[in-house]
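Peer 1: Compute the structure for the input listed below.
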Amino acid sequence: MKNNKLYFFILSVLLIVFYAGFRYVEFLNLQRDKIANSNYEARVLSLKNQLTDMIISKQKSTIAIAISLSTNQQLANEIKTNNIKKHNYHNLITKFKDETFYKNIWIQILDKNLTSYYRSWSDKTGDNVATFRDDLVNVVKNKKISYSVAIDRFDFNIKAVVPVFLDGEFVGIIEIISHFNSIDKQLQKNGISSLVIADKRFKKQLTHPFTKIFMDDYYIANFDAKKRYIDYLKKHGIKNYLNNSYKIENSFLIISTTLYDKENQDIGYFVMFQNIKDIKSENLDFFVFKWLTFATIFIMTILIIIGFLLYKANRKQKYYYKNIINSSTNIVVINNKKNILNVNNSFFKYFNDYKDLDEFKKEHNCICDFFSEDDDYIQKEMDGLNWVEYLLKNHKKSNKVKIKYHDNIYYFTVSASMVDETKGHYSIIFTDITKQEIYQQKLEYTSVTDALTNIKNRRYFQDKIVQEIADVNRYKSSLSLIMFDIDFFKKVNDEHGHDVGDDVLVEYTKFISKQLRENDTFCRIGGEEFIILLPHTTKESAYYVADKLRDSVENYKKILPITMSFGVVEYSKKEKVTKVLKRLDDALYEAKNTGRNKVVTN
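Peer 2: Below is the predicted model of the structure:
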């Protein structure tokens, strides 16, 4: 009878173990699928964001090229006189091809009536495009920069159109056209193939298609498009893939992103292909299933014993950790290299939307999710290392982290140390230095900012010009400087008082600042003396800028009517800072001693 009970007990245990084992395998499979799908969705979002950033970057670069050319007064004069020196632009395109990612830039130059004087992709000139290029007509009317993703008679491309002025007179426009091929090549380096597809409703419009590749009336715009993917979409029905979503088929992740013109109308698609083997995923290990199959009774016994011991040990260790870390006013986090394991009470003084760690971990696995990506602070990845690994390796450094939580920004010094080598557990301490950091930032801002006008001061200028000259010598670019001061400013102070003089300085500083580019540097270096640094600017272009400022100041007449005198120089390679500033000062001196209210170059 006892044996029967024993057999029954053993049989019952075996049945329970096998049942639990099979249910556990089902759970693992389910989790594996969830993890895989989560990884795919994350990859889709990442690639779409990456593509958006690349397109925006390409648009901005294309605009930059167009703006750079539009400020060339030689070009403006060529347009006005209908004397375009074509070889100059052929040479420029060749340089783009040889020295940049832009392997296929197109340039079109038109006069103010929209007669085309130059096309880099065609010998045809002299025709007027006003009847079919509404976008160019709008630029002529508005005299404003225009850019977009667009489809024309030749291709599906990225365009930037900039008006050209000569001494303030509108004389024409320059159009820069770039393509998606460089984006395609960059993606290929990361194992991603792509097709840039124009919607089929534009087929009749594409009278001179650049690639000449069509698929069921859809135009393929990237000339390196792989035939295997074109055939794949054609075979399986291209419409099934143009839905701004993704599919997993034949070991490939296929992602579709809709492309829009500047009117926010869908005009095409960017379809990406990535082998799912190249997508990192954490797969569940199936050795547990084998152990459950071949050694159930032994493993269950061991697991019960180990489980009990681990439970006791973990419970004891958990209280041990808690007692230590809760005594600290700093944030203390117990972490492995990836996930947060425990925190002290101070943690919730900052992350106060969460009642406990379990609630926090439903949304975040790591405190590093809140790290700011500012260069001067610790980030998730540093020098190819996980942030915890980086802290351990660089423990002698003073490491700081910037945390943004809702609308609050906190600064901490952070350090890490090992607390359990066998389990790979680390103690990470965050010491709040927010007040000190904000105070230091205010000090730094004050030290380089002019107190009256709120632009940069002489100290900042002295550091900035050294940096700009180093960039010029390194990248072989151009740099020009403008120095100016207010004519007869002493008379303003004597007749109207220093308060009015200060008001004049503040008002005209704001006025001039609005006319400068974002990357120009505007500094007050003396009482009424100012300097502007213009990177990537020749002396001729700088003269144009200075003369435009001179004229606008003369006509502004706010508070008091004033005039200004300007000196302009262009930095020469390997020239010392003292020498270029001496030339600049001499140019301003000549402007003031030959009548004032003028621009003199040196």
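
Peer 1: Touching, residue 365 and residue 337? I think so.
Peer 2: No: counting by Cβ atoms under 8 Å, residue 365 stays clear of residue 337, with 11.6 Å between them. Just so you know, the C-beta spots here come from the backbone N, C-alpha and C atoms, and that holds for glycine as well.

Peer 1: Could you pull out the helices in the stretch 251-400 of the chain for me?
Peer 2: Ranges of helices in the stretch 251-400 of the chain, per DSSP state H, counting those that start in this stretch, are 287-294, 296-325, 347-350, 357-361, 387-393.

Peer 1: and the shortest one, what other elements does it pack with?
Peer 2: Secondary structure elements in contact with helix 347-350, counted by 3 or more Cβ pairs under 8 Å, 6 or more residues apart in numbering; DSSP states H and E, are strand 331-335.

Peer 1: what's the answer for the last one, then?
Peer 2: If contacts are counted by 3+ Cβ pairs under 8 Å, 6+ apart, helix 387-393 sits against strand 408-420, strand 425-432.

Peer 1: Reformat those as CSV; add mean pLDDT.
Peer 2: Shown next, in CSV, are the helices and strands packed on helix 387-393 (pLDDT from 0 to 100):
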stretch, mean pLDDT
strand 408-420, 90
strand 425-432, 91
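
Peer 1: Let me know which of the ones you listed is the nearest to residue 444.
Peer 2: Judged by Cβ to Cβ, the one of the helices and strands packed on helix 387-393 that comes nearest to residue 444 is strand 408-420, at 13.7 Å.

Peer 1: now the lengthiest helix in the chain, how far from the centre of its chain.
Peer 2: Scanning the chain for the longest helix, with DSSP state H as the assignment, gives helix 2-70. Distance of helix 2-70 from the chain centroid (Cα atoms, centre = their mean, to the nearest Å) equals 27 Å.

Peer 1: host element of residue 131?
Peer 2: Secondary structure assignment for residue 131, by DSSP states H and E: no helix or strand.

Peer 1: gap between it and residue 175?
Peer 2: Per Cβ to Cβ, to the nearest Å, residue 131 is found 16 Å from residue 175.

Peer 1: And these two? Which one has more around it.
Peer 2: Legend: neighbour count by other Cβ atoms under 10 Å for residue 131 and residue 175, higher for residue 175 (22 against 9).

Peer 1: coming back round to it: most tightly packed of the helices and strands packed on helix 387-393?
Peer 2: Mean neighbour count (mean count of other Cβ atoms under 10 Å) peaks for strand 425-432 among the helices and strands packed on helix 387-393, with a mean of 19.

Peer 1: Show me the contact partners of that one.
Peer 2: 325, 328, 330-337, 341, 388, 391-392, 401, 410-419 (Cβ atoms under 8 Å, 6 or more residues apart in numbering).

Peer 1: try 6 Å this time
Peer 2: With Cβ atoms under 6 Å, 6 or more residues apart in numbering as the test, strand 425-432 has contacts from 330-335, 388, 412-419.

Peer 1: could you point out which element follows it?
Peer 2: helix 434-447.

Peer 1: Now do that next one: which elements does it pack against?
Peer 2: If contacts are counted by 3 or more Cβ pairs under 6 Å, 6 or more residues apart in numbering; DSSP states H and E, helix 434-447 sits against strand 408-420.

Peer 1: Any idea how many residues pack against the closest residue to residue 411 other than its chain neighbours?
Peer 2: Distances taken as Cβ to Cβ, 6 or more residues apart in numbering place residue 437 nearest to residue 411, at 3.8 Å, with adjacent residues excluded. Neighbour count for residue 437, taken as other Cβ under 10 Å: 18.

Peer 1: Going forward, count from 30.
Peer 2: All set: I'll call the first residue 30, so the last point we hit is now residue 466.

Peer 1: okay but residue 466 is in contact with residue 438, surely?
Peer 2: No: assessed by Cβ atoms under 6 Å, residue 466 is found out of contact with residue 438, at 9.3 Å.

Peer 1: quick revisit: and the furthest pair within the contacts of strand 454-461?
Peer 2: So for the contacts of strand 454-461, where distance means Cβ to Cβ, the most widely separated pair is 441 and 447, at 20.0 Å.

Peer 1: Alright, I will stop here.
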